[in-house]
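**Q** the following block contains a protein sequence and its predicted model.
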Amino acid sequence: MIARLPYGDGFVDLEVPSSRVTVLSPRSVPGLPDEGAAFRAAVRSPVGCAPLRDVVRAAHRVAVVVPDGTRPFPSHRVLPWLLAELAHVPRQRFTVIVGGGTHRAASREELAGLLGQEILDTVEVAGHSAFDDADLVPTGERAGDGTPVRMNRHYVAADRRIVLGFIEPHFFAGFSGGYKGVFPGVADIASIRYYHRPGVIGDERSTWGVLDGNPTQAQIRSLGSRPPVDFLVNVALNRRHDVTGFFCGDVLQAHAQGCAFVREAASVPCTERFSLVITSNSGAPLDQNLYQSVKGMAAAAEIVRPGGLIVMASRCADGFPSHGSFARLLRESASPPQLLRTLCTPGSSVDDQWQAQKLALVLRRARVALYSELPPESVRHAHLEPVRNLGAYVAGVLACLGPHAPVAVLPEGPMALPVLRAERA
C-alpha cells in the first residue's frame, strides 16, 4: 500500500510492502461552512458565561493571549472577528500577547504571518518571554512550597483576559487548550520548570486524552486560573486547518465541551500492538523542529510493541531548535536510561528537560528512526537513527521482519488518539 505522510507544507508518499498494514487516522470532520458566522454565534451564546460583548466594556484594558507559531491556531482569521465583536473598545486598549512559554521569540515577519499585518500595525503586540524578569509580575504562590508564580505583566495588568487556543490530544496534559494557553503560555521559567518536573511528567496519568486525575492538567488549571481568565475561545481543526468547531465562554466548561468533540474525532480503536509504527508529526507547523516532533513519536509509542521500531517523518527545518537545553541534554547523555537517571536526580531542573524526558521514555520502549532535514550526526546525538531514503529504509526493515509482520501507519501522528480495545474494556 501507499501511505501519505504530512511533511512540512507537503507530503511524502511511502510504499509499505506488507500484507498486514493497519492505517490509524482520526475521523475526517468537515470545516465549518462559514467560520466567521460560527465564531459570532459562539461568542454571543457562550458556554457558562455572559456573551463576550457583555464581558468586556469600552473602558477595559484587554489582554488577548494567542498561541505562537508552533501551533496551527488561525490567529490571523480569528483576531479580526474578535476585534469586530468588541468594536466598542478602542484598539489602543488591546494588547495581543503571543504566549510561547519557553519557545523562541518570533520575528516581525513571523508575527505578520501569525497575526496578520493589519493586526500587527494597529494593535499593541507583546511577545512573552519566560526569562525576562522585567516582563513578569507575581500572581500568587505555588501550593505546597509557597514559591511565587509570575506571569506576563501585560496579562496581569489587564481588566479583562481573553485566551485563544487550539484543542488537540496532548501527550502529558491530556488535551491542549483551556488554561494551557495561560500556563505555561505566559508564565515564568521557574514555574514552568516546576510544572514540568520529572515526577509529574513521568506519572502514568500524565498522558494522552486524560483530564480527570491528570497531575499535569491539575497544575495547568490551578496555576493558569490566577489571575482569572474572563473568556475562552478554543477551536478544533481538521487536517486542512479548517475550523470544525468553536468552544467559547467559561474556561472549564467550554474546554470540556471541546475536548469531548476532539476525542470523538481523534479516537481510533486498534486491536494489537505493532512491530513497526510509521508516523509523522502532522506536517507544518507541528513538524518544524525535533522538540515538537517528540509528540508524534510519543503517539506511536502508545501502540508499538516493546522493542519495536517507530519510523518518523518530520521535516525539522528549524532544527532542534535553539531554545532551552533540549539539544544539550540529548547530546551529553550516553544513552536514554542515563538521561532519565540524570533528570530524576534531586535538584535537577533545566529548561526543556521535560521534552527530553518524554523522548527518553519513548526510546525506553522502542527504537526510533527519523526521516528529516537534520544532519545525520545531529540525529544520532538525539539517540535516533537517521534515514536518508525513507522508502528503501522501510523496505529493508520489512524484509527483515517478514511480509506478515504487523505494521501500523499513523499518518497524522499526534492528531490521532490510538486506543487499544483491551484497554477500553
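**A** Happy to help now that I have it.

**Q** can I get the CA coordinates of stretch 340-356 in CSV?
**A** Coordinates of each C-alpha in stretch 340-356 appear next as CSV, following Å, rounded to 0.1, in the frame of the first residue of the first chain:
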residue,chain,number,x,y,z
LEU,A,340,16.4,9.5,32.7
ARG,A,341,18.7,9.0,35.7
THR,A,342,20.1,12.5,35.3
LEU,A,343,16.7,14.1,35.0
CYS,A,344,15.4,12.3,38.0
THR,A,345,18.3,13.4,40.2
PRO,A,346,17.0,15.6,43.1
GLY,A,347,17.7,19.2,42.3
SER,A,348,18.0,18.7,38.6
SER,A,349,16.0,21.3,36.8
VAL,A,350,16.8,22.8,33.4
ASP,A,351,14.8,24.3,30.5
ASP,A,352,13.1,21.8,28.2
GLN,A,353,14.1,18.8,30.3
TRP,A,354,10.5,17.6,30.1
GLN,A,355,10.7,17.0,26.3
ALA,A,356,14.0,15.2,26.7
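
**Q** max-length strand in the chain?
**A** Counting residues, the longest strand in the chain under DSSP state E turns out to be strand 304-313.

**Q** who does it touch, helix- and strand-wise?
**A** Strand 304-313 sits against strand 274-280, helix 290-301, helix 353-365, strand 367-371, helix 390-401, with contacts defined as 3 or more CB pairs under 8 Å, 6 or more residues apart in numbering; DSSP states H and E. All C-beta spots, glycine's among them, are computed from the backbone N, C-alpha and C.

**Q** quick one: closest of the ones you listed to Trp208.
**A** With CB to CB as the measure, helix 290-301 is the member of the helices and strands packed on strand 304-313 nearest Trp208 (7.1 Å).

**Q** for that closest one, packing partners?
**A** Packed next to helix 290-301, using 3+ CB pairs under 8 Å, 6+ apart, are strand 274-280, strand 304-313, helix 353-365, strand 367-371, strand 407-410.

**Q** for Pro51, find the nearest of these.
**A** Here helix 353-365 is closest among the helices and strands packed on helix 290-301 (CB to CB), at 37.7 Å.

**Q** helices or strands next to that closest one in the packing?
**A** By 3+ CB pairs under 8 Å, 6+ apart, helix 353-365 packs against helix 198-201, helix 290-301, strand 304-313, helix 326-332, helix 336-343.

**Q** helix or strand right after the shortest one?
**A** Moving toward the C-terminus from helix 198-201, the next helix or strand (DSSP states H and E) is helix 215-224.

**Q** now do that following helix and helix 353-365, the angle between them.
**A** 170 degrees (axes from the mean of the first three to the mean of the last three CA atoms, to 10 degrees).

**Q** for the helix or strand following helix 215-224, name the packing helices and strands.
**A** Next in sequence after helix 215-224, counting helices and strands by DSSP H and E, comes strand 231-237. If you count contacts as 3+ CB pairs under 8 Å, 6+ apart, strand 231-237 packs onto helix 35-44, helix 75-85, strand 160-166, strand 243-249, helix 251-266.

**Q** do that again at 7 Å, thanks
**A** Under the contact criterion of 3 or more CB pairs under 7 Å, 6 or more residues apart in numbering; DSSP states H and E, strand 231-237 touches strand 160-166, strand 243-249, helix 251-266.

**Q** hmm, back to that, Ala187 is nearest to which of the helices and strands packed on helix 290-301?
**A** helix 353-365 (13.7 Å).

**Q** list the buried ones in the closest one?
**A** Across helix 353-365, burial judged by 16 or more other CB atoms under 10 Å covers Gln353, Trp354, Gln355, Ala356, Gln357, Lys358, Leu359, Ala360, Leu361, Val362, Leu363, Arg365.

**Q** again with stretch 309-325
**A** 309-316, 318-321, 323-325.

**Q** show me where the stretch 1-150 of the chain has strands.
**A** Counting by DSSP state E, counting those that start in this stretch, the stretch 1-150 of the chain has strands at residues 2-7, 10-15, 21-23, 62-67, 94-99, 124-127, 136-141, 148-152.

**Q** rounded mean pLDDT for the last one, please.
**A** To tie it back to what came earlier, the one meant is strand 148-152. Here strand 148-152 scores 96 as its mean pLDDT.

**Q** export the helices and strands packed on helix 353-365 to a markdown table and tack on distance to Ala399 and mean pLDDT?
**A** Output for these, formatted as a markdown table (distance: least, CB to CB, whole Å; pLDDT from 0 to 100):
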| stretch | distance to Ala399 | mean pLDDT |
| --- | --- | --- |
| helix 198-201 | 37 | 91 |
| helix 290-301 | 21 | 96 |
| strand 304-313 | 13 | 98 |
| helix 326-332 | 30 | 93 |
| helix 336-343 | 27 | 93 |
